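A.B. asks: one predicted model, sequence on top.
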Amino acid sequence: MRKSYRRRNDAVALLGASLLLLLLASCSKNTGRSSGASTTPGGQNHEAGNAQAVPARNAQPPLPTGASGYAHVTYRANVRVMEAAEGRQALIGVSSNDASLLFDSSNQTARSLRAGDVLLIKGLLARNVVAAETTPDGVVVLTQQAALTDVIQDGDIHLQSPVRFGVAAASSPHPPTREPFSWGSLFVENAYAQSPESNAMSNAEAKGTRDAYGNMIKGAFKSVVEGWETTFKATPGEGKTDLNITLKKNVGGFEALITGQGYISNFGFDSDIAIRQGTIQNMDSSFKNLNGQMNMQWVVAKDSAGIMAEESRIKLPGAIEVPLAEFLEGLPLYLEVSGALLIHPAVTGGKEYSKGQFRISYDGYQHFKVKPGNIDTNGNVTGDIDLGEHQDLSPVAPLGMVVAFCAPRIELMLGLNKIYEESDIKKAAEIVDQIADQVAKRLLSPDKYADYQKNGIHLGQTFKNALSTSGAVYFQTVATSASSFSGNGSISPCSRYDLTFVAQVGASAQAWGQSVGTVSKEIFKKQVTKVDPPGMRLCENIGKS
């Protein structure tokens, strides 16, 4: 019997180890499309001088961000450019995942778009055009993520962006309160929204506001993602922004609550990018004064018999966006702070219960250079991890739980700025989804339509790739907690808790194109293991042959 339980317990631990490796790989995995733009130079040379950001009106304190930059670039010949005012007036609808755009049919540039073009709306978006058609509702443009090298033939880009946080100029009169945990009252509330496949993210995500320094701070994101009622909120304060997350699930006798609280402090970002003949030659970036902390707690239980081992990957939308286009002659680059979670319970029977918590903190700076297929780093990022109170109950069978939290993720993004004025968007995302789907069926081959469904139309597929990043460059922290309990049916019941904390920097091919590919590097790693009671060989040897 001991060997039987040991094998089952080993399987739980191996599951945790495998998920850790999967998470670390997938957090920087490229899922984007390679560049297919023409290499023929063309277009006008655009330059922007140094500038300073203007704080939000009536915001306190009225201090500039100190950001500056320039973009000396030549666009590719197939880039179609709209000025910001023209684009905002012409764009009347966006699909739930940003892939399909609906324009007023009176706009000449929109009517001229063809497959293979690249659409650039200054300050707003840069997208590859897959297909376009004029319909009674407007010009429908099917798009995919554009890389920098899809847009720029030759150029030099320089950015210096200290990111400061302050109290929002237009804050909610009812700030969120943290309720004490009560297992019996977890699921009294109604679901926030329908499943992602049938509900537009734009309707589930509150309109953003600008904090005192002009950073775009979004309201609380509330939706049901892969069966988890999910809330994610960023609240600006003096010198930092607080991050709060809550996830709940109740299905088939399985109940779970996962919460997280933390912050990210003011930080600095610098970057120099050189592009020659449509190819990235060099990227030199720095993240300065990185400082933050996250506290995570979970409790799961299953009252009924049966196994619950369903993995969920949940993308948390950008809580903070820092637009940079005003320094770059409208080139729509911005910094985004977001996150993602991987949740994998290994509940093997009824009357099982597990709870745990951990804390991570990080501090430091990192400078790195990216060239095709290579990344060189230097800096000093340090961190600490702490395992909090854990408790596991299982009458017979082994029990496990893996919670991986990828946050904060700070990315330099190219493309769609997700915050609009309400008057700019006249068609609901669900309507645009339906119109775009009809156009895609008419214009795309069956294979391309299937691919577009997977990568463009349906929001649910987007969430399945939640742990990937499309940032041109990024910094992220990943904390993975794996717990396993032998079950009370073993001769010597014991528990094992493993916590791994990793900090990474990297660049994604989805924004850079094939010239660079996806590269990443660990700049910090720390692990801690706890066996309870200490010295129990059954749990200390989990995963060993």
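C.D. replies: On my side now, so go ahead.

A.B. asks: for residue 450, helix, strand, or coil?
C.D. replies: Assigned with DSSP: H, G, I helix; E, B strand; the rest coil, residue 450 falls in the helix class.

A.B. asks: begin at 683 from now on, thanks
C.D. replies: Got it, first residue is 683 now, which makes that one residue 1132.

A.B. asks: how far away is it from residue 1123?
C.D. replies: 11 Å (CB to CB, to the nearest Å). C-beta: built from backbone N, CA, C; applies to glycine.

A.B. asks: residue contacts, residue 847?
C.D. replies: Counting by CB atoms under 8 Å, 6 or more residues apart in numbering, residue 847 makes contact with 893-895, 897, 918-923, 947-948.

A.B. asks: out of the residues you listed, which are inside strands?
C.D. replies: Using DSSP state E, the members of the contacts of residue 847 that fall within strands are 918-919, 922-923, 947.

A.B. asks: out of the residues you listed, which is most surrounded?
C.D. replies: residue 923 (25 neighbours; other CB atoms under 10 Å).

A.B. asks: so where's the stretch 783-932 of the chain shaky on pLDDT?
C.D. replies: 851-890 (pLDDT under 70).

A.B. asks: longest strand in the chain, by number of residues?
C.D. replies: Taking DSSP E as the criterion, the chain has its longest strand at strand 961-984.

A.B. asks: that strand: what's the following helix or strand?
C.D. replies: Counting by DSSP states H and E, the next helix or strand C-terminal to strand 961-984 is strand 994-1005.

A.B. asks: for whichever helix or strand comes after that following strand, packing partners?
C.D. replies: The helix or strand immediately downstream of strand 994-1005 is strand 1015-1029, counting by DSSP H and E. Packing partners of strand 1015-1029 (3 or more CB pairs under 8 Å, 6 or more residues apart in numbering; DSSP states H and E): helix 684-708, strand 834-845, strand 910-919, strand 922-933, strand 936-947, strand 961-984, strand 994-1005, strand 1081-1096.

A.B. asks: on that earlier part again, dump the ones in strands among the contacts of residue 847 to a markdown table, plus distance to residue 804.
C.D. replies: Formatted as a markdown table, the ones in strands among the contacts of residue 847 follow (distance: CB to CB, whole Å):
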| residue | distance to residue 804 |
| --- | --- |
| 918 | 27 |
| 919 | 32 |
| 922 | 32 |
| 923 | 28 |
| 947 | 31 |
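
A.B. asks: of these, closest to residue 1188?
C.D. replies: Minimum separation from residue 1188 among those (CB to CB) is found for residue 947, which lies at 21.9 Å.

A.B. asks: so for that closest one, what's the pLDDT?
C.D. replies: With respect to pLDDT, residue 947 has a value of 95.

A.B. asks: what's it in contact with, if anything?
C.D. replies: Contact analysis of residue 947 by CB under 8 Å, 6+ apart lists 847, 921-922, 971, 973-974.

A.B. asks: specify the beta-bridge partners of it.
C.D. replies: residue 922 (DSSP bridges).

A.B. asks: distance check, it against residue 924.
C.D. replies: With distances taken as CB to CB, residue 947 is found 11 Å from residue 924.

A.B. asks: now swap in residue 795 and tell me
C.D. replies: Distance from residue 795 to residue 924, by CB to CB: 42 Å.

A.B. asks: what number of residues lie near the nearest residue to residue 990 once chain neighbours are set aside?
C.D. replies: Counting by CB to CB, 6 or more residues apart in numbering, residue 990 lies nearest to residue 1029, which is 4.1 Å off, once chain neighbours are set aside. By other CB under 10 Å, the residues close to residue 1029 number 25.

A.B. asks: hmm, residue 907 is touching residue 996, no?
C.D. replies: Yes: contact criterion CB atoms under 8 Å: residue 907 and residue 996 qualify, at 4.9 Å.
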